[in-house]
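S.K.: generate a structure from the sequence data that follows.
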Amino acid sequence: MEKKRPYESAPQEIQEGGYVIQDINHGLSSIIKSELPFSQDLELQFTESPQGTGFDFGVNVIKIAKDSGKNPQELAKSLAEKINSTNYPLVESAASMGPFLNFSLNMDEFGGRVLDQIFDQKSSYGKEKIGNGQRVIIDMSSPNIAKRMSIGHLRSTIIGDSLANLYKSQGYEVIRDNHLGDWGTQFGKLIVAMKKWGNEQSILNSDDPIEELQELYVKFHSEAEKDASGLRKSAKEKWLQGKADEVSGLNEAIENVSQEIMTRKKIGRDQLEMEDKVVEDALDRVIVTDLEKEGRDWFLRLEQGDPEARRLWKLCVDLSMKEFNKIYKTLGVDFEKTLGESFYENKLQETIKLVKKNKNANISDGALIIDMNDVGLGAAIVQKSDGASVYFTRDLACAIYRERDLKVDKMIYVVGDDQKFYFKQLFESLRRLGYKVGDNAEHVYFGMIRLPEGKMSTREGRVILLKDVVEEGFKRAEDILRQKNPELAKNKKLRDEVVRQVAVGALKWNDLSQDPRKSIEFSWDKALRLDGNSAPYVQYTAVRAKSIVESAGLPNGTVSLKDIFFPMDIFSHQSEKALIRKLSEYPSVLSEAIKENNPSKVATFVYDLAKRFNAFYTNVPVLKSETENLKKSRLLLTAASVQVITNALGVLGIEVPEKM
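M.R.: Down below sits the predicted model:
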């Protein structure tokens, strides 16, 4: 027996609803509310029913029962009876199992609508308008000028990029801002090093100019430390001899360090022991080598606009950005803004004036602070006692600029977990200064990247440069491609593109498939495997599914369900049902991911979708289906899977190759 699409005769409110899973939520919520003694909105949490129960989804009614003062088992039973008597078009039957309300979907109705939505919306399937055009800025990547990017920079870059894609999918206007570390006293030191030991022409002609700049910076610190060691030793001997007053500022520094310790430990002077640690900290504050003085002088010249200082600084910025942009291009990451710390330099005095006028501002030991002790956040220094600004000053100026000039409604900072306290202080300070964005700012923190042998360590030579990681990924991906598909490997243009897509996909997946808040271990062997939880596995699934559809002459799913008259038992196999259920969940997954700022929710979903497609393809014939209509319906299910896998990978910034 054949019939037209059943959902063509569905009630008008069903046809005009949102995504199908949302319509079920809305429809069942209405039915359930009619049986309860209260009328507040219900947000049902669907979970897939366990295999073997014969049902598709279930709802635990314990919380609903508790709120309504009913017995959970009795409530589940009465709700099942109510749903069965209502003839709700998307649900075939409902039944209770203890406190669970389970229901079977009308797969003709449900599956037909899910596939129709996917083909109608294509790359827009899963998108929402909940953002309503609100402007979100994502502070991400933020490498330091004249320093090479390590694999540690990767996390901020790709987590930030995937969050940008996620927010765009939900109707927000997104600004990705690469907040470069391009200002500070380190540039005075670098200029000194370039003048003393560098060769400008050699740096310009170098294959790796950033490495040369970084080596010069390291040399400055090495030479300065040699000088400081002697000065520190001499100063300490004078202190031991009771001649601390012969060392400029030492007695004052010892007193300041002592006061800080007493305040922090809440102890009196009689409990304070004059330990080496106090003196060492004080010496760090007063010992300044001639090299460091030169560095400070050059940075002062840079701040004052000295042409030579500006020229050398710009040279460092330009050379660094050239190298950074190569990596960003490879990763497929773009930025709407690239505003480094230097951009905010002319806004610092205005920021300091704003803070001085605020009732939460105090002067402590000559420094301007924002006192947040009343909420357990201590005090944040905005201006040092010598009048100098600090990172916090620049971050305040930056946030104020973003609200006032860029008109952002929300700020997201993708920065390591070691900065949690810092951002709590920053957001609280903005609130106290009267900026609304302080209430709409979030720190999306992430853990470290570890290597199989332990955490990265500069001292032990276990720091992996991002550039080297990308090159190694390309090499490994090409080796695998030559083994698995030697014919494709002969086409250099296609081979290079596929190698890039697979290597970058693997690199991103290794990070984004895990909760960003956790530390992760990096292993290329794990990342590039073609089976199990990896990007190549999901990419290959999409490529294979696409080839099935194209081989049948249905490229991109251009044949619609409208062209098919379905048998009554369409989508009857368990693997078909499981695949359709997963396809229907995608819009809800995006909503859940954005609530938690967690792209791994999307990765978990698309990996499960790929597994279900492979189970479907293994268990039911597609190209050799029993009837032509079955063949077409299964081809459309295959094409829908390609579309949703592509959409989900796109949120993660991962491409689907043409071939693999």
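S.K.: please make it C-alpha for all contacts and neighbour counts, starting now.
M.R.: Noted.
S.K.: give me phi/psi at E655?
M.R.: Listed backbone geometry of E655 is phi -90, psi 160, with angles given as degrees, to the nearest 10.
S.K.: could you find the closest non-adjacent residue to it?
M.R.: Nearest residue to E655, sequence neighbours excluded (CA to CA, 6 or more residues apart in numbering): Q501, at 6.0 Å.
S.K.: do E345 as well
M.R.: When the adjacent residues along the chain are set aside, E345 lies closest to R394, with 7.3 Å between them (CA to CA, 6+ apart).
S.K.: for that neighbour, give me its contacts.
M.R.: Taking CA atoms under 8 Å, 6 or more residues apart in numbering as the definition of contact, the neighbours of R394 are E341, Y344, E345, L348.
S.K.: which among these count as buried?
M.R.: Buried residues within the contacts of R394, defined by neighbour count using 16 or more other CA atoms under 10 Å: E341, Y344, E345, L348.
S.K.: got these as a markdown table, with secondary structure and pLDDT columns?
M.R.: Putting the buried ones among the contacts of R394 into a markdown table (DSSP: H, G, I helix; E, B strand; the rest coil; pLDDT from 0 to 100) gives the following:
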| residue | secondary structure | pLDDT |
| --- | --- | --- |
| E341 | helix | 94 |
| Y344 | helix | 96 |
| E345 | helix | 92 |
| L348 | helix | 95 |
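S.K.: closest to E576 out of these?
M.R.: Distances from the buried ones among the contacts of R394 to E576 were compared by CA to CA; the smallest belongs to E341, at 53.7 Å.
S.K.: and the helix of greatest length in the chain, what does it pack against?
M.R.: Secondary structure of the chain read by DSSP state H shows that its longest helix is helix 209-240. When contacts are defined as 3 or more CA pairs under 8 Å, 6 or more residues apart in numbering; DSSP states H and E, helix 209-240 sits against helix 185-197, helix 200-205, helix 276-286, helix 290-303, helix 307-331.
S.K.: worst average pLDDT in those?
M.R.: Least confidently modelled of those is helix 276-286, at a mean of 75 by mean pLDDT.
S.K.: for the stretch 501-650 of the chain, which spans come out with low pLDDT?
M.R.: 530, 554-569 (pLDDT under 70).
S.K.: which stretches of it form helices?
M.R.: Remark: helices assigned in the stretch 501-650 of the chain by DSSP state H, counting those that start in this stretch are 524-527, 535-551, 574-596, 600-619, 628-651.
S.K.: what's the closest of these to L36?
M.R.: Shortest separation from L36 across the helices of the stretch 501-650 of the chain is recorded for helix 574-596, at 25.7 Å, computed as CA to CA.
S.K.: give me the angle between that closest one and helix 628-651.
M.R.: An angle of 20 degrees separates the directions of helix 574-596 and helix 628-651 when computed by axes from the mean of the first three to the mean of the last three CA atoms, to 10 degrees.
S.K.: what residues are up against E200?
M.R.: The contact partners of E200, by CA under 8 Å, 6+ apart, come to M194.
S.K.: just use 5 as the starting number from now, easier for me
M.R.: I'll keep to 5 as the first residue from here, and by that count the last item is E204.
S.K.: how about Y395, what does it touch?
M.R.: Contact analysis of Y395 by CA under 8 Å, 6+ apart lists nothing.
S.K.: who wins for proximity to I258 among the helices of the stretch 505-654 of the chain?
M.R.: Closest to I258 of those is helix 578-600 (CA to CA; 46.2 Å).
S.K.: starting at the chain centroid, how far to that closest one?
M.R.: When distances are taken as CA atoms, centre = their mean, to the nearest Å, helix 578-600 is centred 20 Å away from the chain's centroid.
S.K.: again with stretch 90-104
M.R.: Once both centres are worked out by CA atoms, centre = their mean, stretch 90-104 turns out to sit 39 Å from its chain's centre.
S.K.: ends of it, how far apart?
M.R.: Taking CA to CA, to the nearest Å as the measure, stretch 90-104 stretches 19 Å from start to finish.
S.K.: can you tell me the average pLDDT over that stretch?
M.R.: 90.
S.K.: which parts of that stretch are buried?
M.R.: Of the residues in stretch 90-104, those scored as buried under the neighbour-count criterion (16+ other CA under 10 Å) are Y92, P93, L94, V95, E96, S97, A98, A99, S100, P103, F104.
S.K.: would the second one count as being in a helix?
M.R.: No. Checked against DSSP: H, G, I helix; E, B strand; the rest coil, P93 lies outside a helix; its state is coil.
S.K.: hang on, it packs against E113?
M.R.: Yes. With the criterion set as CA atoms under 8 Å, P93 and E113 qualify as a contacting pair; they are 7.3 Å apart.
S.K.: how about the helices and strands packed on helix 213-244 in CSV, adding distance to K131?
M.R.: Below are those laid out as CSV (distance: least, CA to CA, whole Å):
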stretch, distance to K131
helix 189-201, 45
helix 204-209, 46
helix 280-290, 55
helix 294-307, 46
helix 311-335, 24
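S.K.: closest to F50 out of those helices?
M.R.: Shortest distance between F50 and those, using CA to CA, is found for helix 311-335: 36.3 Å.
S.K.: show me what the next helix or strand after the closest one is in contact with.
M.R.: Taking DSSP states H and E as the definition, the helix or strand that follows helix 311-335 towards the C-terminus is helix 352-361. Under the criterion CA under 8 Å, 6+ apart, residues A365, N366, L372, I374, V386, Q387, S393, T397, R398, L400, A401, L437 lie in contact with helix 352-361.
S.K.: and helix 352-361, what's buried?
M.R.: Using 16+ other CA under 10 Å as the burial criterion, the residues of helix 352-361 that qualify are L352, T355, I356, V359, K360.
S.K.: pick the one among the residues you listed closest to E132.
M.R.: Using CA to CA, the buried residues of helix 352-361 come closest to E132 at T355, 37.6 Å.
S.K.: need the pLDDT of the closest one.
M.R.: The score at T355 is 97. That number is its pLDDT.
S.K.: do the same with L469
M.R.: On the pLDDT scale, L469 is placed at 81.
S.K.: tally of neighbours for it?
M.R.: A count of nearby residues for L469, using other CA atoms under 10 Å, gives 15.
S.K.: contact partners for it?
M.R.: Going by CA under 8 Å, 6+ apart, the list of residues near L469 reads R152, M153, S154, I155.
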